[in-house]
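Asker: fold the following and give me the result.
(one chain, ligands or ions: 1)
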Amino acid sequence: MAESLPTHITDLLPRFHVLRLPMVTRFRGTTEREVLLFEGPDGWAEFSPFTEYRAPEASRWLHAALEFAGLLPGDSDAAPPSDGGSAPPLEDRTSARPHTSNSIEVNATLPACLVADVEQILDRYGSVGTVKAKVAEHGIDSLPEDLDRLREFRRLFPTTTLRLDANAGYSLTEAERACEAFAGFGLQYFEQPVAAVEDMARLRATLSAQEIPIVLAADESIRKAEDPLRVAQLGAAEVIVVKVQPLGGIATARSVVEACGLPAVVSSALESSVGLAAGAKLAATLPVTERSRELLGDSPACGLGTARLFAEDVTAGGLNPRDGRIPVTRIVPDPDRLETMAVDPGRRDWWSSRLQECWTHLLSRRS
Ligand SMILES: [Mg+2]
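Answerer: Predicted coordinates for the structure are as follows:
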């Protein structure tokens, strides 16, 4: 960051908006998502760390937002605070080339629904190439229902690409049992069956020893820039799921993906469409390596179709997927919505203090 940055964030960001967006379903115990939005030279950006996150973590989200707005340099010199860790040797970069598309593929999500609802839920997405099915809602106790739902899915969509996501819902032994049961469904990958990165590595070793053909992807294991390197070093997963804000911005996310050498899938942190646009930009510029083509195909579907989880977004259409794709574009919030969805003054003050606290944290970590 340049030396001329002000001590007070309001000198950099004299104007910002804090919105409360209603969601369709409950997430993290709430049906509302608060987001702070502002406009910079490059366009609108979103700062929306979950409300329980403290400054050391939330400041990376701020770095991402400032960078996307064009208020910080967007190169690797602008890397957010690091907690240590060093890059392993670069691998598999020889054939790397960025996507050049102006839209990207996104996956549909099949929640832990009743078998009878599978068809109707997926019909709402229109034509999609990739579906991510949630499993393990109640850990291993959900296995019989999960299997019934997946059988129904495969009956209806025999050739659609299928991913599973357990959101770390199993213990290691439960995950081994579940993987054996899921192996016959032709999975592209299985996201985070267990919580600990060491257990992910153990599970992967077991799958390999028993020749169970399941590729593991790390999602919850990746919350900051050092994590992908650790996942790669431990051999805990073959695919990583990356999110722009937690990793500190597009430039950092791209460099950690390149440094760790693992194929990456870009996902959202449940942003409004302003924040999803940053994810789309990252996805559109990530290199496609031979390994990523082998595991994920030419254009891996991203987890960026989450605008549909909001009952109201920052614009009327937002970045809602159409036939499994969203455009790579910038979103300008509707001025009326900036007014009508604004939080009350007390809540705005809370966000204003948080913004300054995160900024102070960023400045303190500059050297
Ligand atoms: Mg996940």
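Asker: C-alpha from now on. contacts and neighbour counts both.
Answerer: Fine.
Asker: roughly how far apart are residue 329 and residue 64?
Answerer: Separation of residue 329 from residue 64 (C-alpha to C-alpha, to the nearest Å): 17 Å.
Asker: same question but for residue 360, I mixed them up
Answerer: Separation of residue 360 from residue 64 (C-alpha to C-alpha): 15 Å.
Asker: likewise residue 198?
Answerer: 28 Å.
Asker: of these two, which one has the most company?
Answerer: residue 64 (30 against 16; other C-alpha atoms under 10 Å).
Asker: for the nearest residue to the more buried one once chain neighbours are set aside, give its distance to residue 260.
Answerer: Sequence neighbours aside, residue 249 is the residue nearest to residue 64 in space, at 3.6 Å (criterion: C-alpha to C-alpha, 6 or more residues apart in numbering). Note on residue 249: its distance to residue 260, by C-alpha to C-alpha, is 17 Å.
Asker: more neighbours: which of these two?
Answerer: residue 249 (29 against 24).
Asker: and that one, what does it touch?
Answerer: Contacts for residue 249 (C-alpha atoms under 8 Å, 6 or more residues apart in numbering) come out as 60, 61, 63, 64, 65, 67, 68.
Asker: now do residue 140
Answerer: Taking C-alpha under 8 Å, 6+ apart, we find residue 140 in contact with 169, 170, 174, 175, 178.
Asker: ok, 7 Å please
Answerer: By C-alpha atoms under 7 Å, 6 or more residues apart in numbering, the residues touching residue 140 are 170, 174.
Asker: that one in helix, strand or coil?
Answerer: What DSSP: H, G, I helix; E, B strand; the rest coil gives for residue 140 is helix.
Asker: show me where the protein dips below the pLDDT cut-off.
Answerer: For the chain, the stretches with pLDDT under 70 are 1-3, 73-100, 367.
Asker: care to break it down by domain?
Answerer: Following automatic domain parsing, the chain resolves into domains at 9-81+335-364, 97-327.
Asker: what about the helices in the chain?
Answerer: 9-12, 55-69, 118-123, 143-156, 172-182, 197-209, 227-234, 244-247, 250-260, 273-285, 290-296, 335-340, 345-364 (DSSP state H).
Asker: so of these, which one's packed in deepest?
Answerer: Among the helices of the chain, helix 244-247 has the highest mean neighbour count (mean count of other C-alpha atoms under 10 Å), at a mean of 28.
Asker: and that helix, how far out from the chain middle?
Answerer: A distance of 8 Å separates the centroid of the chain from that of helix 244-247, by C-alpha atoms, centre = their mean, to the nearest Å.
Asker: now for that helix, which elements pack on it?
Answerer: helix 55-69, helix 250-260 (3 or more C-alpha pairs under 7 Å, 6 or more residues apart in numbering; DSSP states H and E).
Asker: got these as CSV, with distance to residue 286 columns?
Answerer: Below are the helices and strands packed on helix 244-247 laid out as CSV (distance: least, C-alpha to C-alpha, whole Å):
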stretch, distance to residue 286
helix 55-69, 16
helix 250-260, 6
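Asker: go through these and name the closest to residue 350.
Answerer: Distance to residue 350, taken as C-alpha to C-alpha, is lowest for helix 55-69 among these, at 13.0 Å.
Asker: what sits up against that closest one?
Answerer: 39-47, 49, 72-74, 80, 244-250, 278, 357-359, 361-362.
Asker: now, which of the contacts of residue 249 sits nearest residue 236?
Answerer: Scanning these for proximity to residue 236, where the rule is C-alpha to C-alpha, the winner is residue 60, at 24.1 Å.
Asker: residues in contact with residue 214?
Answerer: Counting by C-alpha under 7 Å, 6+ apart, residue 214 has contacts 183, 187, 189, 190.
Asker: just to revisit the earlier point, distance of the residue nearest to residue 64 from residue 114?
Answerer: 38 Å.
Asker: how far away is residue 321 from residue 300?
Answerer: With C-alpha to C-alpha as the criterion, residue 321 and residue 300 are 15 Å apart.
Asker: what do you get for residue 350?
Answerer: From residue 350 to residue 300 the distance is 38 Å (C-alpha to C-alpha).
Asker: just residue 284 next, same as before
Answerer: Relative to residue 300, and taking C-alpha to C-alpha, residue 284 is found at 10 Å.
Asker: residue 116 now?
Answerer: Distance of residue 116 to residue 300, computed by C-alpha to C-alpha: 29 Å.
Asker: who has more neighbours, these two?
Answerer: The residue with more neighbours, out of residue 116 and residue 300, is residue 300; 22 against 10, by other C-alpha under 10 Å.
Asker: just the CA trace of stretch 250-257, in PDB.
Answerer: Written as PDB, here are the backbone C-alpha positions of stretch 250-257 (Å, rounded to 0.1, in the frame of the first residue of the first chain):
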ATOM      1  CA  ILE A 250      -8.800 -11.100  -6.300                       C
ATOM      2  CA  ALA A 251      -5.000 -10.600  -6.700                       C
ATOM      3  CA  THR A 252      -4.200 -12.500  -3.500                       C
ATOM      4  CA  ALA A 253      -6.700 -15.300  -4.300                       C
ATOM      5  CA  ARG A 254      -5.200 -15.700  -7.800                       C
ATOM      6  CA  SER A 255      -1.600 -15.800  -6.500                       C
ATOM      7  CA  VAL A 256      -2.400 -18.400  -3.700                       C
ATOM      8  CA  VAL A 257      -4.200 -20.600  -6.300                       C
END
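Asker: excluding covalently adjacent residues, which one is nearest to residue 48?
Answerer: Residue 48's closest residue in space is residue 35 (C-alpha to C-alpha, 6+ apart), at 4.7 Å.
Asker: for the one you found, name its beta-bridge partners.
Answerer: Beta bridges link residue 35 to residue 19, judged by DSSP bridges.
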